[in-house]
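[1] I'd like to go over a predicted model; first the sequence, then the structure.
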Amino acid sequence: MSKKSQNVASVELEFKPARKFSKKARISSLAQYKQLHRESIKKPATFWAREAKELLWQKKWSKVLDWKAPNAKWFVGGKINVCENCVDSHLINGRANKAAIIWEGEPGESRTLTYRQLHREVCQFANVLLAKGIKSKDRVLIYMPMVPEAAIAMLACARIGAVHSVVFGGFSAESIADRLEDCKAKAVITSDGGYRRGSVVPLKANVDEALKKYKGVETVIVYQRIGEKVTMKNGRDVYWHDEVAKVSDQHIAKGFDSEHPLFILYTSGSTGKPKGILHTSGGYLMGTYATTKYIFDMQDDDVYWCTADVGWITGHSYIVYGPLANGATQVMYEGAPNFPDFGRFWDIVEKYKVSIFYTAPTAIRAFIKAGDQFPEARDLSSLRLLGTVGEPINPEAWMWYHKKIGGGRCPIVDTWWQTETGAIMISPLPGCTPTKPGTATLPFFGVDAAILDETGQECRAGEGGKLVIRQPWPSMLRSIYGDKKRYRDTYWSDYKGVYTAGDGARKDKKGNFWITGRLDDVLNVSGHRLGTAEVESALVSHDSVAEAAVVGRPHEIKGQGVVAFVSLKGKFTGSDDLNKELRNHVGKVIGAIAKPDEIHFTTALPKTRSGKIMRRLLKELVATGEVTGNVTTLEDVEVIKSLQESLKK
Ligand code: WTA
């Protein structure tokens with residue numbers, strides 16, 4: 001380590017992996033990484049054909065890639081069952097009695113499923129789905145707490161070729177209804193509730209509410225987690241435990257086309273309507289398998305823990321598909337990091353001897369604030385590798401993670417990727433890449449990342465531009481569900497044949513990528529994507545609101561906080577009560593994560609002469625209190641003063 005000053009933010013610290021770590025790692029030198037990366041870009045078919053041999057194919061593919069931008073087909077002609085790879089394959093490779101999932105509930109109970117047990121449960125549930133008439137390509141919405149049954153439900157869908165769409169348990173009934181409507185789901189799998197920070201989240205009640213709006217659901221399967229009484233509609237709603245008791249625990253997994261749809265996951269974009277990101281089978285499994293193997297350097301004796309929720313892409317790729325395809329042992333935790341206090345995560349690490357730990361910068365910042373006494377009181381010596389995901393990590397948080405959690409000995413993989421990319425795209429390889437606080441470092445195998453300026457030229461070292469990927473990769477999204485045009489327009493229209501990520505970044509002289517954040521109107525709140533347009537349309541759906549503009553403000557723990565400016569209809573006046581009511585309204589329309597941190601009532605919003613809201617000015621105003629940028633296009637300069645006033649209140 002080279003250390004020039006005590007001020008973390010102003011110097012560039014560099015950490016090289018310890019020799020002890022590198023010796024055992026899959027990729028142990030930068031030269032080896034470079035050689036493989038070069039091959040993966042110059043000869044992707046050679047590279048991926050070799051990797052794909054590690055998966056279980058029911059029929060081998062005839063061609064690795066068919067690419068007619070922006071449409072990719074990977075492992076063309078291959079037949080594969082993703083679930084069989086994650087579960088059955090381990091029954092014949094000596095891992096049958098290895099723990100697959102070690103689950104801990106928020107109240108403290110614990111449950112372990114070996115691969116053999118997981119296989120039985122998945123087969124049973126696949127038979128339940130079949131008995132309920134679910135067929136290949138039917139969409140199934142999953143709205144579950146963090147219990148093993150969430151993973152079992154996803155795997156059972158994959159097993160029979162049904163397409164799951166998991167909705168995060170924090171989303172509202174209206175959000176569920178919108179997603180059901182968009183994907184025309186036939187069934188819903190949910191639970192009577194889940195525990196979060198000591199209270200019960202009423203999942204089934206939210207589903208009931210959503211199903212008043214969307215009528216196409218024929219079956220609702222309810223897993224009993226809490227034992228609460230819930231309303232069950234005759235002929236539609238059934239209990240998980242009743243149904244599994246009726247079916248066999250044997251099921252033969254059949255192979256599906258490599259491009260068979262695996263899941264749809266909704267994510268925010270720059271319009272009010274979330275996008276259903278579509279992933280398919282062979283390529284997605286390849287990407288999540290390979291990244292788990294190389295980036296987490298997953299070994300058979302590791303105990304891996306990813307703290308994400310299965311409702312986000314991180315939970316799909318790095319709780320369910322990647323780790324299970326690698327035959328990993330993983331911890332799954334139901335509840336909040338601060339329940340009963342901020343020591344909970346570290347208790348879990350100590351209790352199960354977690355060796356690989358993957359979390360979000362926002363959680364790290366909350367831990368820093370809570371105080372060092374929590375990790376210091378636990379034995380964290382089992383940890384050997386740490387990871388982060390979801391947003392840029394500030395150097396202070398990186399250093400704290402490194403010292404207080406990693407004891408100075410664990411490499412940190414800062415992993416950049418997206419719902420759309422399916423798998424990690426830019427990240428250190430822990431056995432060879434020198435890391436620096438704040439950079440996700442180098443592209444993974446097969447990832448041709450670059451930074452381009454407006455004209456499509458590659459930026460020079462140190463110069464900021466748009467982060468793009470110039471070649472297709474196996475786990476890439478295939479479309480926005482039902483909207484090929486939006487797919488093309490959103491991701492492939494800035495530069496011909498090139499994927500635009502929507503993030504800004506720069507590259508240093510050593511080729512490290514420094515991600516600076518979203519370039520579009522998408523906020524990153526506690527590592528979760530939130531479209532400003534979504535929050536605005538939720539606000540204007542309230543009777544009192546004439547117009548709304550939403551921007552992000554830097555936030556100490558959440559990364560970004562949500563700030564809304566609202567102008568009211570004539571007969572309404574701003575008050576604390578209305579402020580509260582509007583916040584709750586957004587919670588009801590989208591979910592609690594979208595509730596604005598601040599709502600400011602204003603008589604007018606800054607607009608151009610053609611009537612467009614100038615968000616740039618609002619952003620500057622909330623960040624600095626001033627507007628220094630060009631205001632010549634502003635229709636009414638007085639608006640700025642009134643906004644400054646409203647911010648002071
Ligand atoms: C941001 C989460 C900096 C980025 C897997 C991206 C990051 C968006 C990082 C995707 C990182 C994710 N460093 N920024 N390591 N990881 N992001 O779809 O803005 O929920 O575009 O996927 O999160 O969010 P999503």
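    Okay, I see it.

[2] Send me stretch 168-181 as PDB with only the CA atoms.
    Taking Å, rounded to 0.1, in the frame of the first residue of the first chain, the C-alpha atoms of stretch 168-181 are listed here in PDB:
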ATOM      1  CA  PHE A 168     -39.700  -6.200  -4.400                       C
ATOM      2  CA  GLY A 169     -41.800  -6.600  -1.200                       C
ATOM      3  CA  GLY A 170     -41.500  -2.800  -0.500                       C
ATOM      4  CA  PHE A 171     -43.500  -1.900  -3.600                       C
ATOM      5  CA  SER A 172     -47.100  -0.900  -3.300                       C
ATOM      6  CA  ALA A 173     -50.300  -2.600  -4.500                       C
ATOM      7  CA  GLU A 174     -50.500  -0.100  -7.400                       C
ATOM      8  CA  SER A 175     -47.000  -1.000  -8.500                       C
ATOM      9  CA  ILE A 176     -47.900  -4.700  -8.400                       C
ATOM     10  CA  ALA A 177     -51.000  -4.000 -10.500                       C
ATOM     11  CA  ASP A 178     -49.000  -2.100 -13.100                       C
ATOM     12  CA  ARG A 179     -46.500  -4.900 -13.400                       C
ATOM     13  CA  LEU A 180     -49.300  -7.600 -13.600                       C
ATOM     14  CA  GLU A 181     -51.000  -5.600 -16.300                       C
END
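
[3] Pull out the buried positions in it.
    Of all the residues in stretch 168-181, those buried under the rule 16 or more other CB atoms under 10 Å are 168-180. Where C-beta positions appear, they are placed from N, C-alpha and C, glycine not excepted.

[4] Check stretch 358-375 too.
    So for stretch 358-375, counting by 16+ other CB under 10 Å, buried means 358-368, 374-375.

[5] is the ligand contacted by that stretch?
    No - between stretch 358-375 and the ligand, judged by CB under 6 Å from any ligand atom, nothing touches; the nearest distance is 8.0 Å.

[6] which outside residues touch that stretch?
    Contacts to stretch 358-375, defined as CB atoms under 8 Å, 6 or more residues apart in numbering, come from residues 296, 304-308, 314, 318, 337-338, 341-343, 345-346, 386-394, 396-397, 400-401, 404-405, 526-527, 556-559.

[7] Helices - which of these land there?
    314, 345-346, 396-397, 400 (DSSP state H).

[8] and which of those is nearest to the ligand?
    residue 314 (5.2 Å; CB to the nearest ligand atom).

[9] just to revisit the earlier point, report the two of the buried residues of stretch 168-181 separated the most.
    Farthest-apart pair in the buried residues of stretch 168-181 is 170 and 180; separation 16.9 Å (CB to CB).

[10] Would you reformat the ones in helices among the contacts of stretch 358-375 as a markdown table and include distance to the ligand, pLDDT and neighbour count?
    A markdown table is the format used below for the ones in helices among the contacts of stretch 358-375 (distance: CB to the nearest ligand atom, whole Å; pLDDT from 0 to 100; neighbours: other CB atoms under 10 Å):
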| residue | distance to the ligand | pLDDT | neighbour count |
| --- | --- | --- | --- |
| 314 | 5 | 98 | 24 |
| 345 | 19 | 98 | 24 |
| 346 | 23 | 98 | 22 |
| 396 | 15 | 95 | 15 |
| 397 | 12 | 96 | 23 |
| 400 | 17 | 98 | 20 |
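
[11] ok, now which ones touch residue 596?
    535, 550, 562-564, 582-583, 586.

[12] Return the residues in contact with the residue sitting nearest the centre point of the chain.
    Most central in the chain under CA atoms, centre = their mean is residue 313, positioned 3.4 Å from the mean C-alpha point. Residue 313 makes contacts with 265, 267, 277, 417-419, 422, as judged by CB under 8 Å, 6+ apart.

[13] between these, which has the most around it?
    residue 422 (32 neighbours; other CB atoms under 10 Å).

[14] Nearest residue to that residue in space, please, no chain neighbours.
    residue 475 (3.2 Å; CB to CB, 6 or more residues apart in numbering).

[15] before we move on, what about residue 254?
    For residue 254, the spatially nearest residue (CB to CB, 6+ apart) is residue 81, at 6.5 Å.

[16] what sits against that neighbour?
    Contacts of residue 81 by CB under 8 Å, 6+ apart are 56, 58, 158-159, 253-256.

[17] ok so, going back, using JSON lines, lay out the contacts of residue 596 together with secondary structure, distance to residue 462 and neighbour count.
    Below are the contacts of residue 596 laid out as JSON lines (DSSP: H, G, I helix; E, B strand; the rest coil; distance: CB to CB, whole Å; neighbours: other CB atoms under 10 Å):
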{"residue": "535", "secondary structure": "helix", "distance to residue 462": "34", "neighbour count": "27"}
{"residue": "550", "secondary structure": "strand", "distance to residue 462": "32", "neighbour count": "28"}
{"residue": "562", "secondary structure": "strand", "distance to residue 462": "32", "neighbour count": "24"}
{"residue": "563", "secondary structure": "strand", "distance to residue 462": "31", "neighbour count": "25"}
{"residue": "564", "secondary structure": "strand", "distance to residue 462": "36", "neighbour count": "26"}
{"residue": "582", "secondary structure": "helix", "distance to residue 462": "43", "neighbour count": "24"}
{"residue": "583", "secondary structure": "helix", "distance to residue 462": "41", "neighbour count": "20"}
{"residue": "586", "secondary structure": "helix", "distance to residue 462": "40", "neighbour count": "27"}
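
[18] quick one: contacts of stretch 237-246?
    Contacts for stretch 237-246 (CB under 8 Å, 6+ apart): 121, 124-125, 128, 131-132, 149, 189, 219-224, 231-232.

[19] and that stretch, how far from the chain's centre?
    Here the centre of stretch 237-246 is set off from its chain's centre by 30 Å, with CA atoms, centre = their mean, to the nearest Å.

[20] Then stretch 134-149?
    17 Å.

[21] Show me what from the stretch 151-300 of the chain comes close to the ligand.
    residue 267.

[22] Of all the residues in the stretch 151-300 of the chain, which one is nearest the ligand?
    residue 267 (5.2 Å).

[23] measure the residue nearest to that residue when sequence neighbours are not counted to the ligand for me?
    Nearest residue to residue 267, sequence neighbours excluded (CB to CB, 6+ apart): residue 419, at 4.2 Å. Per CB to the nearest ligand atom, to the nearest Å, residue 419 is found 3 Å from the ligand.

[24] okay, the contacts of residue 81 in JSON lines with secondary structure and pLDDT next?
    Formatted as JSON lines, the contacts of residue 81 follow (DSSP: H, G, I helix; E, B strand; the rest coil; pLDDT from 0 to 100):
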{"residue": "56", "secondary structure": "coil", "pLDDT": "98"}
{"residue": "58", "secondary structure": "strand", "pLDDT": "98"}
{"residue": "158", "secondary structure": "helix", "pLDDT": "99"}
{"residue": "159", "secondary structure": "helix", "pLDDT": "99"}
{"residue": "253", "secondary structure": "coil", "pLDDT": "98"}
{"residue": "254", "secondary structure": "coil", "pLDDT": "98"}
{"residue": "255", "secondary structure": "coil", "pLDDT": "98"}
{"residue": "256", "secondary structure": "strand", "pLDDT": "98"}
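
[25] Buried ones among the residues you listed?
    Using 16+ other CB under 10 Å, the buried members of those are 56, 158-159, 253, 255-256.

[26] May I have the residues that are in contact with residue 512?
    Applying CB under 8 Å, 6+ apart, the residues near residue 512 are 436, 439-442.

[27] Got the confidence number for the closest residue to residue 393 other than its chain neighbours?
    In this structure, residue 393 finds its nearest non-sequential neighbour in residue 361, 4.2 Å apart by CB to CB, 6+ apart. Residue 361 carries a pLDDT value of 96.

[28] likewise residue 2?
    40.

[29] Have a look at this protein and report its longest helix.
    helix 115-131.

[30] next helix or strand past it?
    Next along the chain after helix 115-131, taking DSSP states H and E as the criterion, comes strand 139-143.
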